[in-house]
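Colleague: A structural model of the following input is requested.
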Amino acid sequence: MEKHEIRALAKAIVHEMNSEHSAELAPKWEGASVFVVPKDTSLKDHKIPLDKLMHKIVMMRDNLRVLEQQINAHTILSEGEKVKLQGYITKCYGSMTSFNFLFYQDEDKF
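Modeller: Okay, the predicted model is just below:
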């Protein structure tokens, strides 16, 4: 499979995953925003709506799943290389558990 074919397949998988399932924000966070306030008070604060942040988190999760599938299906990588790369993905999932409190459904959590 060539690089452009892999990209097209990955995009199709992500699109399919997003159309099948969309993680919901827990009701208590609906309409909420995240504020980032710099230590230097002369700098501007940054505000991001929580639903937009949630969308980015879900997209990262979905892209990690696609990457995981691609690694597992790869025909050239050795089993040892697959295990090593899978370990990095697992660590990413572990880091993202910090965001579990945002999800409404338990099955959407990391």
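Colleague: In contact with the residue of the chain most remote from its centre, which residues?
Modeller: Distance to the chain centre peaks in the chain at residue 42, reaching 32.9 Å (criterion: Cα atoms, centre = their mean). Listed by Cβ atoms under 8 Å, 6 or more residues apart in numbering, residue 42 has no contact partners. In short, each C-beta sits where N, CA and C put it, glycine included.
Colleague: Next, it: secondary structure please.
Modeller: Under the three-state scheme (DSSP: H, G, I helix; E, B strand; the rest coil), residue 42 adopts coil.
Colleague: helix/strand/coil for residue 39?
Modeller: Strictly by three-state DSSP, residue 39 counts as coil.
Colleague: can you check residue 47 too?
Modeller: Residue 47 ends up strand, using three-state DSSP.
Colleague: With residue 23 instead?
Modeller: coil.
Colleague: contacting residues for it?
Modeller: Applying Cβ under 8 Å, 6+ apart, one finds that residue 23 lies in contact with 54, 58, 61, 103-105, 108.
Colleague: Narrow those residues to just the buried residues.
Modeller: 54, 58, 61, 103, 108 (16 or more other Cβ atoms under 10 Å).
Colleague: And the second one, how close does it get to residue 105?
Modeller: Residue 58 sits 12 Å away from residue 105, going by Cβ to Cβ, to the nearest Å.
Colleague: which residues touch stretch 72-86?
Modeller: With contacts defined as Cβ under 8 Å, 6+ apart, stretch 72-86 is touched by 68, 71.
Colleague: go again using 6 Å as the cut-off
Modeller: Contacting residues not belonging to stretch 72-86 are listed as residue 71 [Cβ atoms under 6 Å, 6 or more residues apart in numbering].
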